[in-house]
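> What follows is a predicted structure for the sequence shown.
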Amino acid sequence: MSNDFSFSIKSIVFDENYHPSDSTRLTTNFANLARGERRQENLRNTLQMIDSRFNNLAHWDNPTADRYSVELEIISVEMRMDVEGGNDPLPLIEILKPNIIDKKTGERIDGIAGNNFSSYVRDYDFSVLLPAHNNNQATFGLPDDFGDFHGKLFKHFVNSSAYKAHFSKPPVICISASSSKTYQRTENRHPILGVEYQQNEFSSTDQYFEKMGMQVRYFMPPDSSAPLAFYFIGDLLGDYSNLELIGTISTMETFQKIYRPEIYNANSAAGRFYQPSLKNQDYSLTQIVYDREERSALAVKQGKYTEEHFIKPYKNILEQWAANYAL
C-alpha cells in the first residue's frame, strides 16, 4: 500500500454570476459575498473595485486609467488517498488566481495563484485543535506540532505534478496584518509593493505559514491605509513582474477593505509604528454587504466537519504519511 496522496484541480470563473457550489468552503471570502439579496450587486462592485485599483497602480501608458481588467478564477483542490476506502476525493484547498486583460494589446497575462487562501485542515487546526489545547491553559500557547501536518500537505501540493501543470510560478498568499503585533516602517520602498514594514515578532499565523514553506514580508502599497502580509516561496520582489504583483494587491486589498474596513479602509494611513485594530472608529464602509460574524461561526463548523470526515477516519494513515514525508 503506497499511502500517497494525489491532487486534482478544478477552476470556476468568479464574476457577477458566480454561485458557490455545494463543495465550496462557506467561510471562503468570495463565497460569503455571493449570498443574500444583494449578491450580484456585491460581486459587481467588488470586481469594479479590483479593476479600479489595478489601473491606479498600473498607471504608466494608461492615461485614462482603464487599460486593464482583472478576471478571477477560483481554484479548488481535491485530494485523493491511495488507500482502501479512500477513493472519494476530499476537498482540501481553495485559492484565487487573477488573469490580467490588457485591453490595449488584447494580451491575457497570468496572475499569481494564491491570493485568498482557504483550507479545510487549517479550519480544523485553528477552530478545533487550538481552542481545545488552550481550554485549560492559563496563557495562550500553540501545541508543539501545530501546523506540521498541514504544512506537509501544502508543500506536497505545491510540488505536485498537478500544481506544476496548472501554474508556472509558486503561490503568493496575501492576507491582513495581525492585530496582535506591532509593525515598524523601514526605509525600503518598492515601486509597486510600496513601503516595507517589519513586525516586532512572529504571529501564530506567520509560524503556521512558515511550516508551509513560506516566508513573510509586509508592504503598504501606494495610497493604502495599512500594510498587507505577503507569504511567498523564493523571492517576492524578483520572481514576479509588476503586473503580476498588482494583480495580487488589487485583488486582496479590495477584499480586505470589505472584510476589515477598520484597518484597510481607514481614513488615515499607518504611521511609522503601527498596530492594526478592528476597534478603530475612523474608517469608511464600502457599499458591499459582508457578515463577519457568520464567517467566524462557519469556520468552527467546517473545522469540525474536517475532524469528522478526514482527521478521525484516516488518523493512522495520515500520521504514517506525515512521519515518512520528505520532499
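Yep, it's here. These figures come from a predicted structure and were not determined experimentally.

> quick one: contacts for the residue nearest to I101 when sequence neighbours are not counted?
Closest residue to I101 apart from its sequence neighbours, by CB to CB, 6 or more residues apart in numbering: S69 at 4.7 Å. Yep, even glycine has a C-beta here, placed from its N, CA and C like the rest. The contact partners of S69, taken as CB atoms under 8 Å, 6 or more residues apart in numbering, are 51, 54, 100-101, 103.

> does S69 count as helix, strand or coil?
At S69 the chain is in strand, as set by DSSP: H, G, I helix; E, B strand; the rest coil.

> so where's the stretch 151-300 of the chain uncertain?
289-296 (pLDDT under 70).

> need the strands for it, in chain order.
172-176, 183-190, 194-199, 215-220, 228-232, 273-274 (DSSP state E, counting those that start in this stretch).

> Stretch 63-83: which residues count as buried?
Across stretch 63-83, burial judged by 16 or more other CB atoms under 10 Å covers 67-81, 83.

> I meant stretch 109-126, not that one.
109-126.

> List the ones among the residues you listed that fall in strands.
109-110, 114-119 (DSSP state E).

> Out of the residues you listed, flag the one nearest to Q256.
Proximity of these to Q256, judged by CB to CB, is greatest for N116, which lies at 10.0 Å.

> For the closest residue to that closest one other than its chain neighbours, which residues count as its bridge partners?
Among residues not flanking N116 along the chain, L96 sits closest, at 4.8 Å (CB to CB, 6+ apart). With DSSP bridges as the criterion, L96 is bridged to I74, G114.

> hang on, L96 packs against I112?
No - here L96 does not reach I112: they are 9.5 Å apart, not a contact under CB atoms under 8 Å.

> From the structure, what's the count of residues near the residue nearest to N116?
The tally of other residues near L96 (other CB atoms under 10 Å) stands at 27.

> State the distance from it to V172.
To V172, L96 is 11 Å away according to CB to CB, to the nearest Å.

> ok, back up a step: who's in contact with the residue nearest to N116?
14, 30, 72-75, 113-116, 251.

> let's see 10 Å
The neighbours of L96, taking CB atoms under 10 Å, 6 or more residues apart in numbering as the test, are 14, 28-30, 72-75, 111-118, 173-174, 247-248, 251-252, 255.

> before we move on, what about L90?
Contacts of L90 by CB under 10 Å, 6+ apart are 5, 77-81, 120-121, 306, 309-310, 313-314.

> Make sure I have this right: L72 is in a strand.
Yes - membership of L72 in a strand is supported by three-state DSSP.

> hang on, the earlier thing: can you say which two of the contacts of L90 are spatially most distant?
Within the contacts of L90, two members stand farthest from each other by CB to CB: V77 and P313, at 19.5 Å.

> Report pLDDT for the residue nearest to N116.
Here the pLDDT value assigned to L96 is 93.

> and T105, what does it touch?
T105 neighbours (CB under 10 Å, 6+ apart): R67.

> do the one 4 residues further on as well
Residues counted as contacts of I109 (CB under 10 Å, 6+ apart) are 68, 70, 98-102, 241, 243-244, 247.

> what's across from it in the sheet?
I100.

> So for it, what pLDDT did the model give?
The model's pLDDT for I109 equals 97.

> which residues are common contacts for L96 and I112?
Joint contacts of L96 and I112 (CB under 10 Å, 6+ apart) are 173-174, 247-248, 251.

> Export those residues as CSV, with columns for distance to F232 and neighbour count.
Output for the shared contacts of L96 and I112, formatted as CSV (distance: CB to CB, whole Å; neighbours: other CB atoms under 10 Å):
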residue, distance to F232, neighbour count
I173, 8, 24
C174, 9, 24
G247, 14, 30
T248, 10, 28
T251, 15, 29
